[in-house]
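Enquirer: Pasting the sequence and the predicted coordinates here, then a few questions.
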Number of protein chains: 2
Amino acid sequence: MIDDIYPSRVAGEPAWLPRKDPVIHTPWRFDAPLTEGQCERYEQDGFLVIEGLFEPEEIAVLQRELEAMRRIPASLDENTLIAEPNSGTLRSIFAIHEQNALFRRLAADERLVSIVRHILGDEVYIHQSRLNYKDGFDGKEFYWHSDFETWHVEDGMPRMRALSISVQLADNHAVNGPLMLMPGSHRTYVACVGETPEDHYKQSLRRQEYGVPDRDSLTRLAEAGGIVAPTGAAGSVVLFDCNTMHGSNGNITPYPRANAFLVYNAMSNRLVEPFGGRAPRPPFVAARDVAEPLKPVGGGLVETRAA
Amino acid sequence: MIDDIYPSRVAGEPAWLPRKDPVIHTPWRFDAPLTEGQCERYEQDGFLVIEGLFEPEEIAVLQRELEAMRRIPASLDENTLIAEPNSGTLRSIFAIHEQNALFRRLAADERLVSIVRHILGDEVYIHQSRLNYKDGFDGKEFYWHSDFETWHVEDGMPRMRALSISVQLADNHAVNGPLMLMPGSHRTYVACVGETPEDHYKQSLRRQEYGVPDRDSLTRLAEAGGIVAPTGAAGSVVLFDCNTMHGSNGNITPYPRANAFLVYNAMSNRLVEPFGGRAPRPPFVAARDVAEPLKPVGGGLVETRAA
């Protein structure tokens, strides 16, 4: 087993460990897929919002496909369906890049993959993908967490060389429990207390109870960098580093939230045995034994679909 | 019993009834305590935000008194303490204008009472008062409701001639589950379905289950007027009509919410028997048998306290 430079859930007290990996793994050049200013913001904040990356008709097609998926076609693997803790309402469908042609195409889209390759400085693959749907009126909160903490402890992701992309498929209001991020939090690894029980993922996909950052750390991170909730029309894209602290409030408004969520990992950072010492989570949550990197596909999503 | 022009919780289907009362009961004049623009906004939206009504040192004194009250001095009537549904954390203290000298003084403050008298066109009294405190990290949501619906059915308030004032005692961020209001919703009375059980108030102060507006009505009101969540520094004052639909999301951020909440009713609109036909709620929730109107007190809050 390789040395664990990001231990968590092993001590009785939380701890702050410095990040030991770059945030952007490629020096900026004039032909980079992001502007120098965008790269600086991503490096500093740990996230970046991009508007207008997709055409309105592409977003419309993704939204229609989302609605079709919510009706749970028989082809879906029922293990990949996650319900709200109380109401039983469908909240997420995992492995959408494997179960749906359009979302597979989205995951490989050159506009996304070129940015991801630049940031991660490597060829990449999909570590996890899902459709998230948060109904109006009784959408539940999702508590603060660093994805990397979970991916490291439960999945065996060695280093911070992964990122998430959320493609917003509903308008993001300030009031409907949007994604909240703590700018600058990606530079600190908050080691959580406690141990991880067996089969934790079955619970944690619904409600996180282990690997939860302590309140004092969250307070200090919020004091240092504030809390930002990007708002914008459907179609906006949020990229964020694997260690950026994020979460979302519940939602009593009539406005739903929906996004396609894609996690990219560097090929050089593929999973090893989980650092928490338990059995790894299933492949639809954390891809293992990946042989080939993603092959980027150019052109628009709509033409592809009509073909 | 007087005729019920705002029946609710009597039918199997929700209904929209038109408002039968003015929003502002006094024609605007140059010497009014609000500008003509402020009155127009209140009339149109059903609420108004006023910044700078109190001096920073007055807000600081109110905040210190809030903290003292949260330590639950022995003088407090324990019936007036309301806890969060799950955690048991203190959420509200009722009847603060009767249990605390500074909040009694605040309720009678001429800056507030002159505005309230103008809007309600009458002498006024405190129908209900409370301190609300919504902790960071696990503050629960408060679902959409019109206060008047409850006050009418459960307390016997005859007409829409009351308003609420929230004096913000913590900074209001967009992300910490702030008060949300539906502009224009005060012009429609949404009659709710069902009946009111005995002793409903013991539950409803924690979590509302009866007198809940239907989702279709909420969707239509939000489509018509949107949803606004006023943000601003501690000290800002939000006035809203007794029939304005409002609620708040939960709060996972470290930022607490706190406000002093004062409900004023017109003397001519004092309570009769509850229109729901049950026993009235206790006086600390809804003042009954009020003989005298509030006597406004001029000057600052701080001098009063030092005296």
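Expert: Everything's here; your move.
Enquirer: buried residues in the helix or strand where A:L48 lies?
Expert: Applying DSSP states H and E as the criterion places A:L48 in strand A:47-50. Buried residues in strand A:47-50, defined by neighbour count with 16 or more other Cβ atoms under 10 Å in any protein chain shown: A:47-50. The way it works is simple: take the backbone N, C-alpha and C, and place the C-beta from them, glycine included.
Enquirer: same question, stretch A:37-53
Expert: By neighbour count with 16+ other Cβ under 10 Å, stretch A:37-53 contains the buried residues A:38-39, A:41-43, A:45-50, A:53.
Enquirer: now swap in stretch A:283-302 and tell me
Expert: Along stretch A:283-302, these residues count as buried under the neighbour rule (16+ other Cβ under 10 Å): A:284-287, A:294, A:296-297, A:301-302.
Enquirer: A:E141: neighbour count?
Expert: One way to gauge burial is a neighbour count; for A:E141, by other Cβ atoms under 10 Å in any protein chain shown, it gives 22.
Enquirer: That one is in contact with A:I252, isn't it?
Expert: No: under the criterion of Cβ atoms under 8 Å, A:E141 lies out of contact with A:I252, with a separation of 11.2 Å.
Enquirer: residues from the stretch 1-150 of chain A in reach of chain B?
Expert: Applying Cβ under 8 Å from any Cβ of the partner chain, we find that the stretch 1-150 of chain A lies next to chain B at A:136-137, A:141, A:143-144.
Enquirer: Look up the closest residue to the residue of the stretch 1-150 of chain A found nearest chain B, ignoring the ones flanking it.
Expert: Per Cβ to the nearest Cβ, A:E141 is where the stretch 1-150 of chain A lies closest to chain B, at 5.2 Å. Closest residue in space to A:E141, ignoring its immediate chain neighbours: A:G250 at 4.4 Å, by Cβ to Cβ, 6 or more residues apart in numbering or on different chains.
Enquirer: show me what contacts that neighbour?
Expert: By Cβ atoms under 8 Å, 6 or more residues apart in numbering or on different chains, the contact set of A:G250 is A:138-141, A:177, B:141, B:249-250.
Enquirer: The same query, at a cut-off of 7 Å, please.
Expert: With contacts taken as Cβ atoms under 7 Å, 6 or more residues apart in numbering or on different chains, A:G250 has the following neighbours: A:139-141, A:177, B:141, B:249-250.
Enquirer: Mind putting those into CSV with pLDDT and distance to A:R91?
Expert: Shown next, in CSV, are these (pLDDT from 0 to 100; distance: Cβ to Cβ, whole Å):
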residue, pLDDT, distance to A:R91
A:G139, 85, 9
A:K140, 85, 8
A:E141, 89, 12
A:G177, 91, 12
B:E141, 89, 17
B:N249, 93, 17
B:G250, 91, 16
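Enquirer: How about residues contacting stretch A:211-220?
Expert: The list of residues contacting stretch A:211-220 from outside it, by Cβ under 7 Å, 6+ apart, reads A:8-9, A:14, A:16, A:143-145, A:149-150, A:153, A:190, A:192-193, A:245, B:137, B:254.
Enquirer: go again using 8 Å as the cut-off
Expert: When contacts are taken as Cβ under 8 Å, 6+ apart, the neighbours of stretch A:211-220 outside the stretch itself are A:8-9, A:14, A:16, A:143-146, A:149-150, A:153-154, A:182, A:190, A:192-193, A:196, A:204, A:245, B:136-137, B:254.
Enquirer: Where strands are concerned, which of the residues you listed count?
Expert: Counting by DSSP state E, the members of those that fall within strands are A:16, A:143-145, A:190.
Enquirer: Which helix runs longest in chain A?
Expert: helix A:56-70 (DSSP state H).
Enquirer: buried ones in it?
Expert: Neighbour counts over helix A:56-70 (16+ other Cβ under 10 Å) mark A:58-59, A:61-63, A:65-66, A:69 as buried.
Enquirer: thinking again about what came up before, which one of the buried residues of strand A:47-50 is nearest A:A224?
Expert: Here the nearest of the buried residues of strand A:47-50 to A:A224, counting by Cβ to Cβ, is A:F47; it sits at 15.2 Å.
Enquirer: Please report the number of neighbouring residues for the closest residue to the closest one other than its chain neighbours.
Expert: Nearest in space to A:F47, with sequence neighbours left out and distances taken as Cβ to Cβ, 6+ apart, is A:F240 at 3.7 Å. Neighbour count for A:F240, taken as other Cβ under 10 Å: 24.
Enquirer: So A:F240 is in contact with A:R41, correct?
Expert: No: at 11.5 Å, A:F240 and A:R41 do not qualify as touching, with contact defined as Cβ under 8 Å.
Enquirer: shared neighbours, those two?
Expert: Between them, A:F240 and A:R41 share these contacting residues under Cβ under 8 Å, 6+ apart: A:L48.
Enquirer: all strands for chain A, in order.
Expert: Per DSSP E, chain A has strands spanning A:15-18, A:47-50, A:81-83, A:90-94, A:124-134, A:142-145, A:162-168, A:179-181, A:188-191, A:237-241, A:246-248, A:257-266. These are given in chain order.
Enquirer: Centre of the chain to the first one, how far?
Expert: The chain centre lies 22 Å from the centre of strand A:15-18; the measure is Cα atoms, centre = their mean, to the nearest Å.
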